[in-house]
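Visitor: Fold the following.
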Amino acid sequence: RICVITLAEAHPLLQSGKTIKSINYQISANCSRLQNKVSGKSKRGAQFLTELAPLCRISSSDGEEYTIYSCIRGRLIEVNENILSNPAILQEKPSTEGYIAVVLPKFEESKSVTQGLLTQKEYEEVLLKRLHSSS
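Guide: Numbers count the residues shown, from 1 in each chain. Coordinates of the predicted model:
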């Protein structure tokens with residue numbers, strides 16, 4: 001029932017051989033995802049995220065900056081601080097050690113969220129359509 005937020009295989013940072021310069025969990029002057037302190041079984045103190053809540057900003061060596069959003073409503077359980085000191089693992093192991101964050105959706109919402117997910121095959125079809133429409 002937890003969601004591990006990672007970069008999609010089709011994300012520009014994983015495609016064109018870009019180098020990640022920095023990752024910043026400081027979303028605004030008053031909000032840093034690093035300040036998220038969770039305690040206890042009920043996950044007290046966890047920041048609540050909406051689908052459009054930014055998790056972090058990633059800067060690449062070519063000057064591009066990407067904002068990574070939660071894409072799911074729930075409590076922020078943890079952010080991956082390891083990618084701050086070693087941003088390369090975001091590209092080398094995006095679906096394992098290079099995860100961005102862990103989010104716990106509300107129990108009632110978790111079923112509707114998982115029912116709306118695409119299979120790997122459906123996702124690849126969406127990417128193909130996107131590729132053909134942009135060329």
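
Visitor: If you count neighbours, what's buried in the lengthiest helix in the chain?
Guide: Determined from DSSP state H, the single longest helix within the chain is helix 120-134. Of the residues in helix 120-134, none count as buried by neighbour count, 16 or more other Cβ atoms under 10 Å. (Each C-beta comes from the backbone N, C-alpha and C, glycine too.)

Visitor: contacts for that helix?
Guide: Here helix 120-134 makes contact (Cβ atoms under 8 Å, 6 or more residues apart in numbering) with 10, 118.

Visitor: chain center to that helix: distance?
Guide: 20 Å (Cα atoms, centre = their mean, to the nearest Å).

Visitor: Would you mind listing the outside residues contacting stretch 32-43?
Guide: 25-27, 44-47, 55-56, 75-79, 81, 101, 104.

Visitor: need the helices for this protein, in chain order.
Guide: According to DSSP H, the helices that the chain contains are 12-15, 82-85, 88-92, 107-115, 120-134.

Visitor: Determine how far the helix or strand of the chain at the bottom of the mean pLDDT ranking lies from the middle of the whole chain.
Guide: Every helix and strand of the chain was ranked by mean pLDDT, DSSP states H and E. The lowest is helix 107-115, at a mean of 76. Helix 107-115 sits 18 Å away from the centroid of its parent chain (Cα atoms, centre = their mean).

Visitor: list the buried ones in that helix?
Guide: 110, 113.

Visitor: Show the low-confidence segments of the chain, by residue range.
Guide: Applying pLDDT under 70 to the chain flags residues 16, 134-135.

Visitor: 50 - rerun?
Guide: Of all residues in the chain, none has pLDDT under 50.

Visitor: Nearest residue to the middle of it?
Guide: Nearest residue to the geometric centre of the chain (Cα atoms, centre = their mean): residue 5, 3.8 Å.

Visitor: quick one, what contacts the nearest residue to residue 71 once chain neighbours are set aside?
Guide: With Cβ to Cβ, 6 or more residues apart in numbering as the criterion, residue 71 has its nearest non-adjacent residue at 5.7 Å, and that residue is residue 51. Applying Cβ under 8 Å, 6+ apart, we find residue 51 in contact with 69-73.
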